[in-house]
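Undergrad: Build the 3D model from these lines:
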Amino acid sequence: MGIIVGDSPDKITFGNETDFAELSISDLTTLKYWAFAGTNSPDEVSVPRLSIEVDPNVGSASYATLIYLPDTSVSPSAPSPRLPNTWQQYDTSAAGNQWYATGATGVLINCTLASPCSFDDLKTAMPNAVITLSLGFSMDTAFIGAIDGLQVNNTIYDFGPLGARKIAVGP
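TA: Model prediction:
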């Protein structure tokens, strides 16, 4: 899926509100995607972030977004080195991942943008959290590139010219 985002305040968000509704985040074991940063230097841009809208079921908040930070995650979660004009995989559930929760939830569980945590830490801090709206991608800085091959557990979402196609993998 090609993505073009201009300079601020431009933003793009793409998500799936059908397949993941009411899925518990504790049931998410594999979250991977491929990104292509079409630039001469990966230091000039950020790659799209994976975002999950949830009911955290902690404290009084009924909504938070869990956001993967590809630019501060390290190998094996993020490629090292990041290469321009090359498809590279981001494994948001592998060691070295960095996530945060928005709003009061992030503060309550001590997992904020200023102090990110791992996906395992998020799942431990919010054992009853469920996806309420979508699992998808967002980008709010200048970017020309693409994403593909989103893997959620044993299903890969292949983004093609006719839309997303689901492919079952593994047992």
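Undergrad: Spit out the contact partners of the residue lying farthest from the centre of the chain.
TA: Most distant from the centre of the chain: residue 60, at 24.4 Å, with distances by Cα atoms, centre = their mean. Applying Cβ atoms under 8 Å, 6 or more residues apart in numbering, we find residue 60 in contact with residue 104. C-beta: built from backbone N, CA, C; applies to glycine.
Undergrad: Try it again at 6 Å.
TA: The contact partners of residue 60, by Cβ atoms under 6 Å, 6 or more residues apart in numbering, come to none.
Undergrad: quick one: it from residue 104, how far?
TA: Using Cβ to Cβ, to the nearest Å, residue 60 is found at 7 Å from residue 104.
Undergrad: Also residue 73?
TA: Residue 73 sits 24 Å away from residue 104, going by Cβ to Cβ.
Undergrad: Okay, helices next: where are they in this protein?
TA: In the chain, the segments counted as helices under DSSP state H are 103-108, 119-125.
Undergrad: In a markdown table, list those helices along with distance to residue 147 and mean neighbour count.
TA: Listed next are the helices of the chain as a markdown table, based on distance: least, Cβ to Cβ, whole Å; neighbours: other Cβ atoms under 10 Å:
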| stretch | distance to residue 147 | mean neighbour count |
| --- | --- | --- |
| helix 103-108 | 24 | 19 |
| helix 119-125 | 18 | 18 |
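Undergrad: Which of the ones you listed sits closest to residue 150?
TA: Nearest to residue 150, of all these, is helix 119-125, at 15.2 Å by Cβ to Cβ.
Undergrad: Would you mind putting the CA coordinates of that closest one into CSV?
TA: Extracted in CSV, the C-alpha atoms of helix 119-125 (Å, rounded to 0.1, in the frame of the first residue of the first chain):
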residue,chain,number,x,y,z
PHE,A,119,4.8,-5.0,24.0
ASP,A,120,5.1,-7.7,26.7
ASP,A,121,5.0,-4.9,29.3
LEU,A,122,1.9,-3.5,27.8
LYS,A,123,0.2,-6.9,27.8
THR,A,124,1.2,-7.5,31.4
ALA,A,125,0.0,-4.0,32.5
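Undergrad: what residues does that helix touch?
TA: The contact list for helix 119-125 (Cβ under 6 Å, 6+ apart) reads 25, 26, 66, 93, 97, 99, 109.
Undergrad: List only buried entries from the residues you listed.
TA: 25, 66, 93, 97, 99, 109 (16 or more other Cβ atoms under 10 Å).
Undergrad: and which of those residues is nearest residue 31?
TA: Nearest to residue 31 among the buried ones among the contacts of helix 119-125 is residue 93, at 4.6 Å by Cβ to Cβ.
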